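In: Here you go, sequence then predicted model.
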Amino acid sequence: MTVGGPTITLSNGIKMPVVGLGTWQSKPEDVKKAVLEAIDSGYRLIDTASLYFNEEAIGEAVEEAINKGKVKREELFITTKVWASHLAPDDVVENLKESLKKLRTTYIDLYLAHMPACFSHDMSKFNEKVKVEDIWRGLEQCYKEGLARAIGVSNWNNEQIARVLKSGTVPVHNSQVELHLYFPQHDHHEFCKKNNVTLTSYSTLGSPGRFEFTLPTGQKLDWAPAPIDLEDANVKELAKKYNKTPAQILLRYAMDRGIAVIPKSVTPSRIKENFQLFDFKLSPEEIKTLESSGHNQRLFLQPFMNGHSEDPFKDERK
């Protein structure tokens, strides 16, 4: 069994596993078993967020794995995120302290601002006073206090990251964005490479589970029609060639571009499968063939930010 797998190095020298377990939509009763299964399967990166409401269960799983001698805390890389309701600088540090209690750890490996648009605590209205530069000050405080070993952003655009690279005293270590075969994010990837920011892909499989997502109100979202990455003919062809699943091809596609992946699953067989990626590699020609469809569509437009001065996708809404 491969333990941990390959890593990418953040600009401060910290090594981050390239493959991790995503936990969006993973219910607390399921995620504990998933995290324990993932650790047993060799994963060392676990990705969560305060919005996922599963940090406590993840903390229990991590503590159990450590107590059983399966892993040491310093061998794990835990990422969590501060939600849009707590992006004001003073709120960011307090939010992280809450996450640390739930995760049963004294530090987080990577702390991300989940969105660039700040809202009131109850999410009922925009907080337009807080700009991305202010959000970043709060994250820098977490870093300087040693609560986070690295800090970064999620769902921010190039211009917003450029602003905090200019105003901040700590560089952006990682950007986590929607990225998959049918939304390859080449422009953002090039921007990140140029600025020494590592990149993490979410929805690397095209988020087939998004249709099951329900808001805390119980409401389901309407999704725009989109082709399914897993059913791409070239993906299927390469799956046959390498004796792999289409999911493994899509994950390897991002990895071979130097991007970290965090596939979500609570199914033991899928958790194992999503980590069996290190015995093959896609060539530049195969990556070019995969991208030959030219399809480029964002699935997660985050409409709740529409109208906010820090809406990162306002240009895409026109």
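Out: Right, received. Where do you want to start?
In: quick one: contacts for residue 24?
Out: 49, 52, 202, 264 (C-beta atoms under 8 Å, 6 or more residues apart in numbering). Glycine gets a C-beta too; all of them are placed from N, C-alpha and C.
In: what about the helix or strand hosting residue 95, average pLDDT?
Out: Here residue 95 sits within helix 89-103, counting by DSSP states H and E. For helix 89-103, mean pLDDT is 98.
In: for stretch 171-180, same thing?
Out: Mean predicted lDDT for stretch 171-180 stands at 98.
In: Stretch 147-164: end-to-end distance?
Out: One end of stretch 147-164 sits 20 Å from the other (C-alpha to C-alpha, to the nearest Å).
In: ditto for stretch 103-112
Out: Taking C-alpha to C-alpha as the criterion, the two ends of stretch 103-112 lie 15 Å apart.
In: try stretch 296-308
Out: Distance across stretch 296-308, first residue to last, is 24 Å (C-alpha to C-alpha).
In: which residues are in contact with it?
Out: 84, 115, 117, 123, 126, 128, 155, 178, 182-184, 203, 206-207, 210, 223-224, 226, 311-314, 316-317.
In: can you give me the helices for the protein?
Out: Listed in chain order, the helices of the chain (DSSP state H) span 28-41, 55-67, 89-103, 132-144, 158-167, 186-194, 233-242, 246-255, 268-273, 284-290.
In: And those helices: which comes nearest residue 214?
Out: Across those, residue 214 has its closest neighbour in helix 28-41 (15.2 Å, C-beta to C-beta).
In: Can you give the contact residues for that closest one?
Out: Under C-beta under 8 Å, 6+ apart, the answer for helix 28-41 is 1, 21, 23, 26, 46, 53-54, 56-58, 60-62, 64-65, 70-71, 76, 265-266, 268, 271-272, 275.
In: now the angle from it to helix 55-67?
Out: If you take axes from the mean of the first three to the mean of the last three C-alpha atoms, to 10 degrees, helix 28-41 sits at 30 degrees to helix 55-67.
In: Pull out the buried residues from stretch 116-136.
Out: Using 16 or more other C-beta atoms under 10 Å as the test for burial, stretch 116-136 gives 116, 117, 118, 119, 126, 127, 130, 131, 132, 134, 135, 136.
In: do the same with stretch 143-153
Out: Under the neighbour-count criterion of 16+ other C-beta under 10 Å, stretch 143-153 has 143, 147, 148, 149, 150, 151, 152, 153 buried.
In: sorry, back to before: tell me which of the helices of the chain is the most buried.
Out: Stretch with highest mean neighbour count among the helices of the chain: helix 246-255 (a mean of 24; mean count of other C-beta atoms under 10 Å).
In: so can I have TSV of the helices of the chain showing distance to residue 110?
Out: Shown next, in TSV, are the helices of the chain (distance: least, C-beta to C-beta, whole Å):
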stretch	distance to residue 110
helix 28-41	16
helix 55-67	14
helix 89-103	11
helix 132-144	10
helix 158-167	15
helix 186-194	15
helix 233-242	29
helix 246-255	17
helix 268-273	21
helix 284-290	26
